[in-house]
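1. 3D, please:
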Amino acid sequence: MNKIFYITFFYLLCFSVVSAAITDPALKHAIFGMNYYEKAYESIMTNSVHSNTPGYKATGITSQKNGRLRETIVFYRFIQGTPIKSGGSLDFMIEGKGFFVVQCPWGQSYTRDGRFTLDQNGKLITLTGHFPVLGESGEIYLTNHNISVTEKGVFVLRGESVDFLRIEDFEDTTALKSFNGTIFYPQDENIVLRPATNYIIKQGYYESSNVNMIGQLSKFPEVKNVYDANTKSAKMILKSLSAGLQMGSPD
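-> Sure thing, here's the model as predicted:
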């Protein structure tokens, strides 16, 4: 009888300890901190790797409350990068707001990387990935590289307009997702897309990454220290709860 009582008591104690671990505010805070600063570390590393990738948009970290939980959110900083002069006739930079439109296997996507080239059929494609660049009526075909482009993206050959670059913008860029930080796609079908207006096209230039390496490196010590502190705190709380569980264990 006593043995059954102690076993029952032990299992009830286990349940209460596990429940305490789940609801313990200090433990929840420490675990959230670990998750937040782990993603912050990943953001710093990814941004650093792509500091020289044309058109790359740096990621940042924030948090928001979702019901009773707090979530870590990764977002992109759509700040314009520095103009890089290349002299290439098929290199373009958008000075202002907007994106080049490209046709990817998963659908229309958007990029600030304006380094383009021609395939064997004269189709304008991205230098990285070789995705078709879209114009007025779809894919753009050019006879040669000796072509000029106006500030609004109109291709001019021998004094005649032959096509133009589609430049689109979004009311809310936070709704854009990306797998590499250079080509973006809307995560919601209802996202509002509109032709960009406040921009000029610079031929012979492309946009650099907008990563601020000094800023990234300055964040690293703080991120590491706070992550370590949260990890230590979580271990101490779990150790304390484990000790309470062992004290109630039947012999």
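
2. The protein - how does it break down into domains?
-> Per the record, the chain has its domains at 2-51+212-247, 83-207, by automatic domain parsing.

3. In TSV: these, plus mean neighbour count.
-> Glycine gets a C-beta too; all of them are placed from N, C-alpha and C. Formatted as TSV, the domains of the chain follow (neighbours: other C-beta atoms under 10 Å):
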stretch	mean neighbour count
domain 2-51+212-247	14
domain 83-207	16
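
4. Spatially nearest residue to Thr173 (excluding sequence neighbours)?
-> Phe78 (5.0 Å; C-beta to C-beta, 6 or more residues apart in numbering).

5. so where does Asn225 fall, helix or strand?
-> helix 213-247 (DSSP states H and E).

6. Asn210 contacts Pro54, correct?
-> No. Under the criterion of C-beta atoms under 8 Å, Asn210 makes no contact with Pro54, lying 10.5 Å away.

7. Show me whatever sits in contact with both of those two.
-> When contacts are counted by C-beta atoms under 8 Å, 6 or more residues apart in numbering, the set common to Asn210 and Pro54 consists of Gly81.

8. any residues touching stretch 185-203, and which ones?
-> In contact with stretch 185-203 (C-beta under 8 Å, 6+ apart) are residues 83, 89, 91-99, 104, 106-110, 148-153, 165-172, 175-178.

9. Which ones among those residues lie within strands?
-> 83, 92-96, 99, 104, 107-110, 148-149, 167-170, 176-178 (DSSP state E).

10. Point out where the stretch 101-250 of the chain drops to low pLDDT.
-> 227, 230, 233-234, 236-250 (pLDDT under 70).

11. try it again with 90
-> 136-137, 143-147, 157-160, 162, 171-175, 179, 187-195, 215-250 (pLDDT under 90).

12. Grab the nearest non-local neighbour of Pro207.
-> Check again: residue 207 is Glu, not Pro. Gly81 is the one closest to Glu207 (C-beta to C-beta, 6+ apart), at 4.4 Å.

13. contacting residues for that neighbour?
-> Gly81 sits in contact with Pro54, Gly55, Tyr56, Arg112, Glu207, Ser208, Ser209, Asn210, where contact means C-beta under 8 Å, 6+ apart.

14. rerun that using 7 Å as the cut-off
-> Residues counted as contacts of Gly81 (C-beta atoms under 7 Å, 6 or more residues apart in numbering) are Glu207, Ser208, Ser209, Asn210.

15. Identify each of the helices in this structure and give its residue range.
-> Per DSSP state H, the chain carries helices over the ranges 2-23, 25-49, 213-247.

16. pretty sure Leu134 is in contact with Val101, am I right?
-> Yes. Using C-beta atoms under 7 Å, Leu134 is in contact with Val101, at 4.3 Å.

17. if I look at these two, which residues touch both of them?
-> Shared contacts of Leu134 and Val101, defined by C-beta under 7 Å, 6+ apart, comprise Arg166.

18. so how far is stretch 191-202 off the chain centroid?
-> Put simply, stretch 191-202 sits 21 Å off its chain's centre (C-alpha atoms, centre = their mean, to the nearest Å).

19. how far does it stretch from start to finish?
-> 28 Å (C-alpha to C-alpha, to the nearest Å).

20. Could you do stretch 94-112 as well?
-> 7 Å.

21. now stretch 88-98
-> For stretch 88-98, the end-to-end distance is 21 Å (C-alpha to C-alpha).

22. and if you look at stretch 49-58?
-> 11 Å.

23. Please compute how far that stretch lies from its chain's middle.
-> 11 Å.

24. Then stretch 98-107?
-> Distance, centroid of stretch 98-107 to centroid of chain: 16 Å (C-alpha atoms, centre = their mean).
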